[in-house]
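Asker: give me a 3D structure for the following:
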Amino acid sequence: MILFIKNMVGVSCKVISQMELEKLGLKCISVEIGRIEISESVSPEYLQKIKAAFLIFGLEVIDTKKEILVEKIKHVIIEMIHHTDDRLKMNFSNYLSEKLNYDYTYLSNTFVEEEGITIEYFIILHRIDRVKALIVYNELTLTEISWKLHYSSVAHLSAQFKKITGVTPSYFKTRSPICA
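Answerer: Next up, the predicted model:
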């Protein structure tokens with residue numbers, strides 16, 4: 001049986017999920033971000049126990065097709081922004097369509113319907129989070145960061161950064177790393 005999990009964003013979430021399922025006597029075949037395969041099917045009553053155990057940690061078992069698709073969209077975006085150093089050879093909309101095998105208009109409409117924000121805004125928020133992390137690490141210049149995160153220029157990165165955070169990247173850099 002495959003469980004789709006909302007808000008599962010890192011290694012710690014994977015570990016917690018696996019531990020909670022093992023506490024409930026279930027064996028995990030595979031645990032990936034947003035997706036867990038367990039060795040057996042469970043009853044609706046048992047599924048409620050799993051949901052309750054996960055909810056304590058801010059994780060949510062999802063089961064509608066639209067919710068699952070939105071989580072897949074989020075994971076593709078997060079993977080691309082936070083875990084891939086390669087520059088995209090195409091724009092995000094084409095990349096998402098190709099990766100998920102859906103028309104981008106359908107993906108976009110479903111995302112807005114479920115999340116209340118556009119895919120583009122979600123991408124911007126995560127790009128800015130990544131910019132903040134890279135500024136705090138202090139290993140790259142703003143020019144290198146703008147190239148790495150597919151901005152057309154440092155000015156574009158700076159303008160978007162200020163619009164989202166309220167401060168310039170330079171000012172952010174002078175502040176405490178705790179702000180990231």
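Asker: which pLDDT value goes with the most centrally placed residue in the chain?
Answerer: Central residue of the chain (C-alpha atoms, centre = their mean): residue 78, 3.8 Å from the mean position. Residue 78 carries a pLDDT score of 88 in this model.
Asker: that one belongs to a helix?
Answerer: Yes - with DSSP: H, G, I helix; E, B strand; the rest coil as the criterion, residue 78 is assigned to a helix.
Asker: how many residues are close by residue 144?
Answerer: Residue 144 has 12 neighbouring residues, counting by other C-beta atoms under 10 Å. No exception for glycine: its C-beta is placed from N, CA and C like everyone else's.
Asker: show me what contacts the residue nearest to the centre of the chain?
Answerer: Residues in contact with residue 78 (C-beta atoms under 8 Å, 6 or more residues apart in numbering) are 9, 33, 126.
Asker: now these in a markdown table, with distance to residue 69, neighbour count and secondary structure?
Answerer: Converted to a markdown table, the contacts of residue 78 look like this (distance: C-beta to C-beta, whole Å; neighbours: other C-beta atoms under 10 Å; DSSP: H, G, I helix; E, B strand; the rest coil):
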| residue | distance to residue 69 | neighbour count | secondary structure |
| --- | --- | --- | --- |
| 9 | 17 | 17 | coil |
| 33 | 15 | 18 | coil |
| 126 | 18 | 17 | helix |
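Asker: can you redo these as a markdown table with pLDDT and distance to residue 40?
Answerer: A markdown table is the format used below for the contacts of residue 78 (pLDDT from 0 to 100; distance: C-beta to C-beta, whole Å):
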| residue | pLDDT | distance to residue 40 |
| --- | --- | --- |
| 9 | 78 | 27 |
| 33 | 85 | 22 |
| 126 | 93 | 35 |
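Asker: list the contacts of residue 17.
Answerer: By C-beta under 8 Å, 6+ apart, the contact set of residue 17 is 5, 8, 28, 31, 36, 54, 59.
Asker: any chance of a markdown table for those, columns pLDDT and distance to residue 141?
Answerer: Compiled in a markdown table, those are given as follows (pLDDT from 0 to 100; distance: C-beta to C-beta, whole Å):
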| residue | pLDDT | distance to residue 141 |
| --- | --- | --- |
| 5 | 93 | 37 |
| 8 | 86 | 33 |
| 28 | 94 | 43 |
| 31 | 93 | 37 |
| 36 | 95 | 40 |
| 54 | 95 | 41 |
| 59 | 94 | 37 |
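Asker: give me the subset of those residues that lies in helices.
Answerer: Members of the contacts of residue 17 lying in helices (criterion: DSSP state H): residue 54.
Asker: which one of the contacts of residue 17 sits closest to residue 135?
Answerer: Ranked by distance to residue 135 (C-beta to C-beta), the contacts of residue 17 are led by residue 8 at 26.5 Å.
Asker: all set, thanks.
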